[in-house]
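# sequence unknown, structure follows:
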């Protein structure tokens, strides 16, 4: 190797390892790829991989990290997986992930299992309620997270969403992986599925994406004249998985169509066997001085049949389910100066008071509660069920079912009917997307949460961007993937009631039971109060009851 060769490699983003100086290769005839993510180290492993396979489009940075982990004796699986991708005859020592299909009709939910890890499971609650079935909830897996856990997390997410996109008819013809694009003819039509690594707007106003899969990365250009694709590209967020159809030429895919995993347009409207009702509330904030306890007690009185008023047309005696979608209590230290706005300064006391209130609800109503950011547990998602360490009083209420955030629950289940499937998620990721997606910001999604919920259903993920929420990678699967299409999708967090339907999925965002705080005033939040959406499971019609007295 001569000095001019070293200089040429530096210009291509490659640092030359000392071991390369003795390699018997004609470097003047060697055309290695330009590493955009560089600098990467050119060593014997890189060189021989290229000479044997000619992979110009390759994630060199991640491969270099895999080599480093192998050399340090910390992890060899990532390195062996890379070699297996380009040299299938090399066996991988142990699988990083396997795909399992959970038989939940009508659409299988994709689960990513890591068989070699068997963490200690946290204590779970067991309550037998015949008409309720927990299809999927998060149970905390106790294990120190390593880099490989994050890699498996994103790989599992990609695999799950890729499987959903492969059902799209628009992607079935010509679907290929990124490392095979070099073999395509100029302007040949191609179809890809990948994760959005980077997004920017060019000086001419076009949108440029960097898309990657497990074989490499490619630039995708969406020009302004492709109006439908351009509008979809404006709503693309980092790290989401999308499908692309376009023409390949000069190392760029010129997109004609962008496709989300989405809810199928022909998704059937499932209806229950009998007229029973499910109610949805969120953001109760027990413990706050601004908790609207008077109105909440009025709601409980109505639910117990003590209030007869024409403005409440739903028959209370037919209510069988009450969902509380996060922020049951106000918590402590959630935002600056919160302690001045608390009437109960201890989370155990707050949960005890909440238990006293829900203890008043008649016992044939099942109360399903998931946590939110104000509850006394970790803020990182997914969140496990409320702990006995703080919420023991709730665990003792016989008709309360505590679940994680998010969770899939089937209600109205009988021997003849599988039930109405409800996906509940409090909504910590909402604020990120309002700030970063133009259509949501311009559509005033903070006041119209239906727009956010439609956005997440289209992405089939509750927090598709890495920075959307603090998260802990699950060891079994990514619980934030919307694998099975729900019949009802219920959220909270925004303190705004909003009900809509998207491709026969009923979307419900809960209002709140807390008057407007000074912190909400500063952040521009516009809450509405004490509204209760009621879903008739037999007709799927939604009626919103109002309990706020306006004082």
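Alright, I've got the coordinates. Everything numeric here is computed off the predicted structure, so don't read it as measured data.
# ranges for the strands of the stretch 451-551 of the chain?
Applying DSSP state E, counting those that start in this stretch to the stretch 451-551 of the chain gives strands spanning 488-491, 498-502, 505-509, 531-536, 542-546.
# Pull out the buried positions in the last one.
Neighbour-count burial for strand 542-546, with 16 or more other CB atoms under 10 Å as criterion, is recorded at 542, 545-546. No exception for glycine: its C-beta is placed from N, CA and C like everyone else's.
# The second one too?
Buried residues in strand 498-502, counting neighbours by 16+ other CB under 10 Å, are found at 498-500, 502.
# Turn these into JSON lines, including pLDDT.
Formatted as JSON lines, the buried residues of strand 498-502 follow (pLDDT from 0 to 100):
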{"residue": "498", "pLDDT": "96"}
{"residue": "499", "pLDDT": "97"}
{"residue": "500", "pLDDT": "97"}
{"residue": "502", "pLDDT": "97"}
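# As TSV, these with distance to residue 299 would be great.
Shown next, in TSV, are the buried residues of strand 498-502 (distance: CB to CB, whole Å):
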residue	distance to residue 299
498	19
499	17
500	23
502	28
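# re earlier: how about the strands of the stretch 451-551 of the chain in CSV, adding distance to residue 214?
Below are the strands of the stretch 451-551 of the chain laid out as CSV (distance: least, CB to CB, whole Å):
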stretch, distance to residue 214
strand 488-491, 30
strand 498-502, 31
strand 505-509, 31
strand 531-536, 41
strand 542-546, 42
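# So for residue 355, which of the ones you listed sits nearest?
Closest to residue 355 of those, according to CB to CB: strand 531-536, at 20.0 Å.
# Give me the distance from the longest helix seen in the chain to the chain's centre.
Of all the segments of type helix in the chain, defined by DSSP state H, the longest one is helix 147-165. On the basis of CA atoms, centre = their mean, to the nearest Å, helix 147-165 sits 12 Å off its chain's mean C-alpha point.
# So what's the model's average confidence on stretch 365-377?
In this model, stretch 365-377 carries a mean pLDDT of 95.
# and that stretch, how far from the chain's centre?
The answer for stretch 365-377 is 19 Å, by CA atoms, centre = their mean.
# and the end-to-end length of it?
One end of stretch 365-377 sits 26 Å from the other (CA to CA, to the nearest Å).
# Return the closest of the buried residues of strand 498-502 with respect to residue 366.
Nearest to residue 366, judged by CB to CB, of these is residue 499 at 21.5 Å.
# check contacts around that closest one.
Contact partners of residue 499, counting by CB atoms under 8 Å, 6 or more residues apart in numbering, are 450, 506-509, 533, 542, 544.
# Regarding residue 189, what is its secondary structure?
Each residue gets one of three states, and residue 189 gets strand by DSSP: H, G, I helix; E, B strand; the rest coil.
# just the one 4 residues further on next, same as before
Going by three-state DSSP, the secondary structure assigned to residue 193 is strand.
# who's in contact with it?
Taking CB under 8 Å, 6+ apart, we find residue 193 in contact with 162, 165-166, 171, 175, 213, 241-244.
# Next, give phi and psi for the residue lying closest to residue 218 once chain neighbours are set aside.
Excluding the flanking residues, the one nearest residue 218 by CB to CB, 6 or more residues apart in numbering is residue 178, at 5.0 Å. According to degrees, to the nearest 10, the main-chain angles of residue 178 amount to phi -60, psi -40.
# Before we move on, what's the pLDDT of residue 178?
What the model reports for residue 178 is a pLDDT of 92.
# Just give the number of residues close to it.
22 (other CB atoms under 10 Å).
# Next: residue 442.
If you count neighbours by other CB under 10 Å, residue 442 ends up with 9.
# can you pull out the helices in the stretch 301-450 of the chain?
Along the stretch 301-450 of the chain, the stretches classed as helices by DSSP state H, counting those that start in this stretch are 347-359, 388-395, 430-436, 438-442, 449-459.
# Does anything pack onto the longest one? Which helices or strands?
Based on contacts counted as 3 or more CB pairs under 8 Å, 6 or more residues apart in numbering; DSSP states H and E, the elements that helix 347-359 packs against are helix 293-303, helix 388-395.
# related to what we said a few turns ago, pick the one among the contacts of residue 499 closest to residue 358.
Distance to residue 358 across these (CB to CB) is lowest for residue 533, with 18.4 Å.
# hang on, isn't that closest one packed against residue 543?
Yes - shown here, residue 533 and residue 543 form a contact pair, counting by CB atoms under 8 Å, at 7.5 Å.
# Quickly list what's touching both of these two.
By CB under 8 Å, 6+ apart, residue 533 and residue 543 have no common neighbours.
# just the strands in the stretch 301-450 of the chain please.
Taking DSSP E, counting those that start in this stretch, the strands of the stretch 301-450 of the chain run over residues 319-325, 366-370, 400-402, 407-411, 420-424.
# Any idea which of these gets closest to residue 485?
Counting by CB to CB, residue 485 lies closest to strand 420-424 out of the strands of the stretch 301-450 of the chain; the figure is 8.1 Å.
# now what about the closest one, what contacts it?
Where contact means CB under 8 Å, 6+ apart, the residues beyond strand 420-424 that reach it are 135, 270, 272, 278, 323, 325, 368, 370, 403, 405-412, 482, 484, 486-491, 537.
# That one: how far from the chain's middle?
Per CA atoms, centre = their mean, the displacement of strand 420-424 from the mean C-alpha position of its chain is 15 Å.
# Provide the strand pairings for that strand, with the direction of each partner.
strand 407-411 (antiparallel), strand 488-491 (parallel) (DSSP bridges).
# Mean neighbour count, those: which tops it?
Compared across the strands paired with strand 420-424, strand 488-491 shows the largest average neighbour count, a mean of 28 (mean count of other CB atoms under 10 Å).
# Give the rounded mean pLDDT of that one.
Rounded mean pLDDT across strand 488-491 is 98.
# Buried residues of stretch 468-488, list them for me.
Buried residues in stretch 468-488 (16+ other CB under 10 Å): 468-469, 471-488.
# That one spans what distance, first to last residue?
With CA to CA as the measure, stretch 468-488 spans 23 Å from end to end.
# With stretch 418-426 instead?
Start and end residues of stretch 418-426 are separated by 25 Å (CA to CA).
# now stretch 140-156
Stretch 140-156 has an end-to-end distance of 18 Å (criterion: CA to CA).
# From what I see, residue 230 and residue 209 are in contact.
No - Residue 230 is beyond contact range of residue 209, at 11.7 Å (criterion: CB under 8 Å).
# Between those two, tell me which one has more neighbours.
Neighbours around residue 230 and residue 209, counted as other CB under 10 Å, are more numerous at residue 209. The numbers are 23 against 17.
# Find me the pLDDT at the more buried one, would you?
pLDDT recorded at residue 209 is 96.
# just residue 345 next, same as before
For residue 345, the model assigns a pLDDT of 88.
# Compute the number of surrounding residues for it.
The burial count for residue 345: 11, using other CB under 10 Å.
# so residue 510 makes contact with residue 283?
Yes - using CB under 8 Å, residue 510 is in contact with residue 283, at 6.3 Å.
# Quickly list what's touching both of the two.
In contact with both residue 510 and residue 283: residue 492, using CB under 8 Å, 6+ apart.
# how is this structure carved up into domains?
Domain assignment for the chain, taken from automatic domain parsing, gives 3-86, 169-259, 277-546.
# Of those, which stretch is the most buried?
Among the domains of the chain, domain 277-546 has the highest mean neighbour count (mean count of other CB under 10 Å), at a mean of 20.
# From the chain's centroid, how far away is it?
Distance, centroid of domain 277-546 to centroid of chain: 17 Å (CA atoms, centre = their mean).
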